[in-house]
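Visitor: Okay, here's the prediction I keep looking at, along with the sequence it came from:
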Amino acid sequence: MTSGTSFRRVPYHLGIVMDGNGRWAQARGMPRLLGHRGGVNNIRPVLEASVGFGIKALTIYAFSTENWARPPAEVSGLMKLLSETIRRQLADLHANGVQIRHSGRMAGIEPGLQQQIRDALELTKNNQRIILNVAFNYGGRAEIVDAVRQIIQDGLKPDDVSEDVFARYLYTGGLPDPDLIIRTGGEYRLSNFLIWQAAYAEYYATPTFWPDFDKEELRRALQDFEDRDRRFGKVKTPS
Ligand code: IPE
Ligand code: IPE
Ligand code: MG
């Protein structure tokens, strides 16, 4: 892996909406599922590039709560892909110091795959090189509803609930908010991704389909991020 970075500032936590797999495949006359396979194959190199640039946490949007509405064959293909990827890549990710996290609802995921996910989290929980947070069966609204339910269940009183306390109840509890969100595939929308956590994230959209998004594209996004003036509601600090 490359080390060091030429950037004055890099995101601590990067989020990526990995969009455009289907169109990437269709443009090649291939079925959509082969696009998803191409997309999965692209995760590892982008993860390595992220480590090289000094990013500490990478959240990838892999399957949304809305994606269940796709044709059953595509949904089951995506489930099989995650299962296969864990089976094939877990040992290597672990050996490379990757801490895997999951953001999303476990309910709804097939029990065997749930177990694979739990095993992956358990195996890698002490790894420190980079956090790979997989947003799978993830929806920002579902996440907020789940947090509210748990807060009620825990018996918190209205005055106990602050923004910090609430954030700890989200699937991402303990992770700092994302600094930059990249969306591939050319759309300019959130699609229910990290809607609480990205309140002050910078956004970057590229028309490149996810399977073609490479280290050079990531470098361009980071370059763009470096030049952003993040004001967080304040006025620009005089230089
Ligand atoms: C993103 O690619 C992957 C998932 C949503 C699972 P798409 O499958 O949405 O690809 P397009 O947007 O249809 O090209
Ligand atoms: C967002 O992409 C979800 C993932 C990348 C997993 P979609 O393709 O599902 O989003 P829309 O339908 O274009 O908003
Ligand atoms: Mg899409």
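Guide: Cool, got the structure. Ligands and ions are numbered 1, 2, ... in the order given.
Visitor: helices and strands around the helix or strand containing residue 43, which ones?
Guide: Assigning secondary structure by DSSP states H and E places residue 43 in helix 32-53. Helices and strands touching helix 32-53, by 3 or more Cβ pairs under 8 Å, 6 or more residues apart in numbering; DSSP states H and E, are helix 21-26, strand 57-64, helix 72-95, strand 130-138, helix 215-226. Using the backbone N, CA and C atoms, a C-beta is placed for each residue, glycine as well.
Visitor: what sits against residue 237?
Guide: With contact set as Cβ atoms under 8 Å, 6 or more residues apart in numbering, residue 237 has no partners.
Visitor: Please repeat the previous calculation with a cut-off of 10 Å.
Guide: 229, 231 (Cβ atoms under 10 Å, 6 or more residues apart in numbering).
Visitor: got the buried residues for stretch 208-215?
Guide: 208, 209, 210, 211, 213 (16 or more other Cβ atoms under 10 Å).
Visitor: Around the residue of the chain found nearest ligand 2, how many other residues sit close by?
Guide: Residue nearest to ligand 2 within the chain: residue 191 (3.7 Å; Cβ to the nearest ligand atom). For residue 191, the count of nearby residues is 15 (other Cβ atoms under 10 Å).
Visitor: Past whichever helix or strand residue 145 is part of, which element shows up next along the chain?
Guide: Using DSSP H and E, residue 145 sits within helix 140-153. Following helix 140-153 in sequence order, the next helix or strand is helix 163-168 (DSSP H and E).
Visitor: Send me that next one as CSV with only the CA atoms.
Guide: The C-alpha trace of helix 163-168 is given here as CSV (Å, rounded to 0.1, in the frame of the first residue of the first chain):
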residue,chain,number,x,y,z
GLU,A,163,-27.5,15.6,20.0
ASP,A,164,-24.5,13.7,21.4
VAL,A,165,-26.6,11.2,23.2
PHE,A,166,-28.8,10.7,20.2
ALA,A,167,-25.8,10.1,17.9
ARG,A,168,-24.6,7.4,20.2
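Visitor: Flag every residue of the chain that's near ligand 1.
Guide: By Cβ under 6 Å from any ligand atom, the residues of the chain that approach ligand 1 are 18, 19, 20, 21, 22, 23, 63, 67, 78, 185.
Visitor: rerun at 5 Å
Guide: Within the chain, the positions near ligand 1 by Cβ under 5 Å from any ligand atom are 19, 20, 21, 22, 23.
Visitor: Output the residues you listed in JSON lines; the columns should cover distance to residue 111.
Guide: Converted to JSON lines, those look like this (distance: Cβ to Cβ, whole Å):
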{"residue": "19", "distance to residue 111": "29"}
{"residue": "20", "distance to residue 111": "31"}
{"residue": "21", "distance to residue 111": "26"}
{"residue": "22", "distance to residue 111": "28"}
{"residue": "23", "distance to residue 111": "33"}
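Visitor: Nice, that's everything, thank you.
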